[in-house]
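Engineer: Compute the structure for the input listed below.
(2 chains)
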Amino acid sequence: MKRKQTLLAFASTLAVGVAGFAGSASALDVTIEDIMNDQATVDDVVSNGLGPRGHRYSPLDILNKDNIKNLYPVWSFSFGGEKQRGQESQPLIKDGVMYVTGSYSRMWAIDVASGEELWQYDARLPEGILPCCDVVNRGAAILGDKVFFGTLDAKIVALDAKTGKVIWRKTIGDYEAGYSYTAAPLIVPTETHGPLILTGNSGGEFGIVGAVEARHPDTGELIWKRPTIEGHMGQYKGEDSTMTGTVNESWAGDQWKNGGGAVWLGGTYDPGEKLAYFGTSNPAPWNSHLRPGDNKWTASRIAINPENGEVQWAFQTTPHDGWDYDGVNEFISFDMEKDGETIKAGATADRNGFFYVLDRTNGEFISADPFVQNINWASGIDENGRPIEIPENRPGNPAESADGKKGKSVMAIPSFLGGKNWMPMAYSPDTSNFYIPSNEWAMDIWNEPVTYKKGAAYLGAGFTIKPIFDDYIGSLKAMDPATGEIKWEYKNKAPLWGGVMTTGGGLVFTGTPEGFLKAFDDETGEELWKFQTGTGIVSSPITWEQDGEQYVAIVTGWGGAVPLWGGEVAKVVSYLNQGGSVWVFKVPEGLASK
Amino acid sequence: MGVVALLASSLASARPYDEVVSSGKITVFAYSDYAPYSWIDESGTPTGIDVDIARHFGTALGVDVEFLIRGADENLDDDLRVNVWKGDLIHRKLADVMMHVPFDREVDTRNEFAVLTSPYFQEKMALVVNEQEHSSVETFGRFVTNPIAVEVDTAGDFFLSNAFRGQLQQSIQRGRTFADTQELFISGEVGALLASRAQAEWVAFSASDIESYITQPPMPGIVRTGWPIGIAIKHDSRDLGYALGDVLTELTASGEIQRIAQKYGVKWMPPELE
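Structural biologist: Model prediction:
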């Protein structure tokens, strides 16, 4: 770890921008109210998702459809060294300081006015970690005078926001058993314990069990733990609390013990209902023919009461998943106007290609509409929210290729990387539309007659991802959640892998693997502005106001899961260059009014 | 400093024979938690049949042996990528040689940056049975009603989960690791354990107070019930592969490889090549 205290020295040389900066000389104090009000307060970004509901909406309208053409970079900050790849982080902003995490479990504090580094923290990662899905980190959380983030060896670290020094470090899971951590932690209020810091877990497919854990932000003390798989006992203050579901209700034999259902993406929180929402990944093992039953609560959304870790409700998007439709996608609370009524709704765009609207108070199904084309694993979602499966498009059982020949191939849409993967969508209360970063791709899956696992002959599956259309894979869509209608679509050659943001200025921002940060008209989808950052973008943009000016920032650095897969998709991404930096933009003085 | 250390480690790639010898060290990959072949014992020392064989590599080449003991990924192709030719995502650490690689022409062909060579062992699936619980096991049918242990997500788990259209599902007790699985047998919780033959023999050897036997009931639906085990090296290190192949030939000819296996209660079987 290294630290640089050039902050004050540098500030004195600046002619402008010192006012907002001077605040950082006093003790940083982010309150839980600041976090809950993050969406409305435009001078900071103190939560992942620009507010606990994760709307990724800023009411800021200094930048608008007319003056966006004048948006130019202010500075760029390099993450340095050889560790360039895989930057999926969303920065935080408080009192003129940016807190941003990078791949390989690193974090920086940067002075926004100057672009100068204040401190850097590098986690020491042990040998023997085998993260399944690249070396990414998706962001930090902030509360009081501390910043928190998770590391690839499945630990959560609390750092002094002023110095980058470690205050505490706790283990979420055993990295040697396959656990890892990449999401941004979620901070929520409780009456019993004060604010708590909530994390999920991530890891390989073998033998891990998903769980959400709540810790005290001052000490890291574990308050409660909620496993996601039926049959596992929860914990509350060091004692067993309640079991998740009932043993063997939707699992055969002892398979629930190693059921999967990791919670590898962060959660959201609705201050109205006082519920935390998390998504869970696919079941294990991958071959669905080996595990009869719905396998709850894998590929589900779970609403948890943060006071005690009890499950308020759960909704399974892909029962008995056989396609790796890993349902971790974020659940975004919003008020939906439909048929003259205001519904307390929540929406989630699932990896399985359907956009679900649920009642966020009880998880009841309201509607589901496809947000990608040619979905063929299910013909639709029935009135109870259950998929109407097309049986012949379920991948076969490798055991049936026991004659030693390559088995029947199944082409399923969407691919296992999903109609939407980790990258978060945005919701605009101005247009009442969701802006969904999606991908149009298929997968071929076949039974592989010969493979080996841990030194023994094994029957596995082979699979490859391929585009559906000749000219594009990525597709940014505006969707009306009340009707399921796609209002507009922007097509991108390479698969989209970055988050979306929308603003009161009528803009929708997202980055592309080709390296462009782009801004679109929120009503028409017209591309209004773009800037080439020099490497692929797979992260989520932010915006805030400082000294009367609107800033936009994006982390860049190609990576994530897409380049780890080959096949046809590799052709559209193999030329992309590595990089790892933060870019900050604003409208230069004198151009703002034009 | 950090940058310098990083550069050094990223250059630590798999190397040809001359470089290994002049560096004075060979890095050997073996699987973790994989008794009796390789595991880390309570004192932190790498132990097992593959480890003992690899120590002979060091002696023969006149170099120290560094062990890279890591878990298995989803399949052998992933293991070859991570340990033999590309390295892991974080440290990019590679071994000069990987132990315990099934010797299979198709795997060799589809992994163009790795070379599979020098089979030194024959492996197959087998059952270790507690004689008091089951005096004989003709077929797996008796495990519709009797508990049977297997390590989760292994070849054995795959077979049992599918067997008799899933009728064994209620009886399978899956250990998260091989050590956990073995414990189910040793504690008497289950009367049978399905694993590789050497693992089954090791379990019988370790549970010396249980009267047990090894058997191989028919396993319909399994493509291969036996396969040879060899080593893998990176494609540009073939000369290292030849040198290590000579060591394995010598260990076989001298009977040393049999003595090594016997230490762990395992009967060495010569590789059966097609």
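
Engineer: Now B:Ile229: closest residue in space that isn't a chain neighbour?
Structural biologist: B:Phe121 (4.1 Å; Cβ to Cβ, 6 or more residues apart in numbering or on different chains). C-betas here are computed from N, CA, C, even on glycine.

Engineer: Kindly report the same for A:Gly115.
Structural biologist: Spatial nearest neighbour of A:Gly115, chain neighbours left out: A:Trp75 (3.1 Å); criterion: Cβ to Cβ, 6+ apart.

Engineer: Please report phi then psi for the one you found.
Structural biologist: When read as degrees, to the nearest 10, the backbone of A:Trp75 gives phi -160, psi 170.

Engineer: Show me what it is bridged to.
Structural biologist: Beta-bridge partners of A:Trp75, counted by DSSP bridges, are A:Val584.

Engineer: okay, it: pLDDT?
Structural biologist: Predicted confidence (pLDDT) for A:Trp75: 98.

Engineer: that older thread, sec struct for the residue nearest to B:Ile229, please.
Structural biologist: Secondary structure assignment for B:Phe121 (DSSP: H, G, I helix; E, B strand; the rest coil): strand.

Engineer: What number of residues are in the vicinity of it?
Structural biologist: For B:Phe121, the count of nearby residues is 26 (other Cβ atoms under 10 Å in any protein chain shown).

Engineer: if we can go back for a sec, any idea how far the residue nearest to A:Gly115 lies from chain B?
Structural biologist: Computed with Cβ to the nearest Cβ, to the nearest Å, the distance linking A:Trp75 and chain B is 23 Å.

Engineer: contacting residues around that residue?
Structural biologist: A:114-115, A:583-584 (Cβ atoms under 8 Å, 6 or more residues apart in numbering or on different chains).

Engineer: for these, which one is nearest A:Pro52?
Structural biologist: The closest of the contacts of A:Trp75 to A:Pro52 turns out to be A:Val584 (Cβ to Cβ; 24.5 Å).

Engineer: Correct me if wrong: the closest one contacts A:Glu549.
Structural biologist: No. A:Val584 is beyond contact range of A:Glu549, at 11.1 Å (criterion: Cβ atoms under 8 Å).

Engineer: Report whether B:Val150 is found in a strand, as I expect.
Structural biologist: Yes. Under three-state DSSP, B:Val150 falls within a strand.

Engineer: State the distance from it to B:Val20.
Structural biologist: 38 Å (Cβ to Cβ, to the nearest Å).

Engineer: which of the two has more neighbours?
Structural biologist: Neighbours per residue (other Cβ under 10 Å) separate B:Val150 from B:Val20, with B:Val150 holding more: 27 against 23.

Engineer: circling back to that earlier point, the contacts of A:Trp75: which two are farthest apart?
Structural biologist: A:Ser114 and A:Trp583, at 14.9 Å, using Cβ to Cβ across those.

Engineer: Nearest residue to the middle of the chain?
Structural biologist: Because you didn't say which chain, this covers chain A. Centroid-nearest residue in chain A: A:Trp422, 4.4 Å away (criterion: Cα atoms, centre = their mean).

Engineer: Oops, wrong one, chain B.
Structural biologist: By Cα atoms, centre = their mean, chain B has its centre lying nearest to B:His100, at 4.9 Å.
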